[in-house]
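[1] All I have is the shape, not the residue letters:
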């Protein structure tokens, strides 16, 4: 069973460009979470999605950031008009539906390191 | 809102020795889960161990064990027989239990260096 896949692993963007980060959850997982890790800090929650629905976006900046998880294909985190402060590692995690059998763990992808120049 | 605090930014231990990493949290919830994640230089987040708050027995996974003190809201990680491959950032994390899916709240991390 392949793990959580994220691409690209590294992304360089100039200020003002758009960044698109992709996440494919583990097979059978329908919950996707995005976290951001600034240098030398812990991970901070951004958004929680299920297929075609945003469940909790309380950690998302109000402007320039958006996320989706379409019926088909990977989850996308989109950052418009990037600024230097967006430079960070962005992690995606997935979990299976429900809590049966203690299946509440979140499994993390390798992350995408975004550098804004 | 929940908060997670790791008061030790950096720690070091000699290979084969035992080390304990501290974590405290603040919550008004009664049911929740606690986790320790390891982040090696590759930056991959790896789940080390988990604890359900309703279980009194401390979780163990091979060389890793926790000391869960619910009343004190403390959740420390003990690594026995430390190995060089244990060198990493370690993050304590909290999750509420009242929903089907919930976010993790992470502490700021402890950088552990295992010395040969």
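    That came in fine, so what should we check first? What you see is a predicted model, and the numbers here were worked out from it, not measured in a lab.

[2] for chain B, what are the nearby residues on chain A?
    Within chain A, the positions near chain B by Cβ under 8 Å from any Cβ of the partner chain are A:31, A:33, A:35, A:41-45, A:48, A:50, A:55-56, A:59, A:89, A:91, A:93, A:95, A:97-99, A:102, A:104-108, A:110-111, A:113. All C-beta spots, glycine's among them, are computed from the backbone N, C-alpha and C.

[3] Could you pick out which of the residues you listed are located in helices?
    Cross-referencing these against helices under DSSP state H gives no overlap.

[4] In strands, which of those appear?
    Mapping the residues of chain A next to chain B onto strands (DSSP state E) picks out A:31, A:33, A:35, A:43-45, A:48, A:50, A:55-56, A:89, A:91, A:93, A:95, A:107-108, A:113.

[5] Drop anything exposed from these.
    By neighbour count, with 16 or more other Cβ atoms under 10 Å in any protein chain shown, these hold A:31, A:33, A:35, A:43-45, A:48, A:55-56, A:89, A:91, A:93, A:95, A:107-108, A:113 as buried.

[6] quick one, strands of chain B?
    Under the criterion DSSP E, chain B contains strands at B:3-5, B:10-14, B:19-21, B:24-26, B:32-39, B:46-52, B:60-61, B:64-69, B:74-79, B:88-96, B:105-106, B:110-115.

[7] And the contacts of the third one?
    So the one you mean is strand B:19-21. Residues from elsewhere that reach strand B:19-21 (Cβ atoms under 8 Å, 6 or more residues apart in numbering or on different chains): B:6, B:8, B:11, B:13, B:36, B:67, B:76-79, B:82, B:90, B:92, B:110, B:112.

[8] Taking the centroid of chain A, which residue is nearest it?
    The centroid of chain A falls nearest to residue A:34 when counting by Cα atoms, centre = their mean (3.2 Å).

[9] Surely that residue touches residue A:46?
    Yes: with contact defined as Cβ atoms under 8 Å, residue A:34 reaches residue A:46; the gap is 4.4 Å.

[10] Give the residues shared as contacts by those two.
    By Cβ under 8 Å, 6+ apart, the residues touching both residue A:34 and residue A:46 are A:67, A:77.

[11] Can you redo the strands of chain B as JSON lines, where the extra columns are mean neighbour count?
    Output for the strands of chain B, formatted as JSON lines (neighbours: other Cβ atoms under 10 Å in any protein chain shown):
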{"stretch": "strand B:3-5", "mean neighbour count": "15"}
{"stretch": "strand B:10-14", "mean neighbour count": "13"}
{"stretch": "strand B:19-21", "mean neighbour count": "19"}
{"stretch": "strand B:24-26", "mean neighbour count": "16"}
{"stretch": "strand B:32-39", "mean neighbour count": "22"}
{"stretch": "strand B:46-52", "mean neighbour count": "17"}
{"stretch": "strand B:60-61", "mean neighbour count": "12"}
{"stretch": "strand B:64-69", "mean neighbour count": "18"}
{"stretch": "strand B:74-79", "mean neighbour count": "20"}
{"stretch": "strand B:88-96", "mean neighbour count": "23"}
{"stretch": "strand B:105-106", "mean neighbour count": "22"}
{"stretch": "strand B:110-115", "mean neighbour count": "17"}
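
[12] Turn those strands into a markdown table, columns for distance to residue A:78 and mean pLDDT.
    Converted to a markdown table, the strands of chain B look like this (distance: least, Cβ to Cβ, whole Å; pLDDT from 0 to 100):
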| stretch | distance to residue A:78 | mean pLDDT |
| --- | --- | --- |
| strand B:3-5 | 29 | 95 |
| strand B:10-14 | 36 | 97 |
| strand B:19-21 | 36 | 98 |
| strand B:24-26 | 32 | 97 |
| strand B:32-39 | 25 | 94 |
| strand B:46-52 | 28 | 93 |
| strand B:60-61 | 37 | 94 |
| strand B:64-69 | 37 | 97 |
| strand B:74-79 | 35 | 98 |
| strand B:88-96 | 26 | 94 |
| strand B:105-106 | 23 | 94 |
| strand B:110-115 | 32 | 97 |
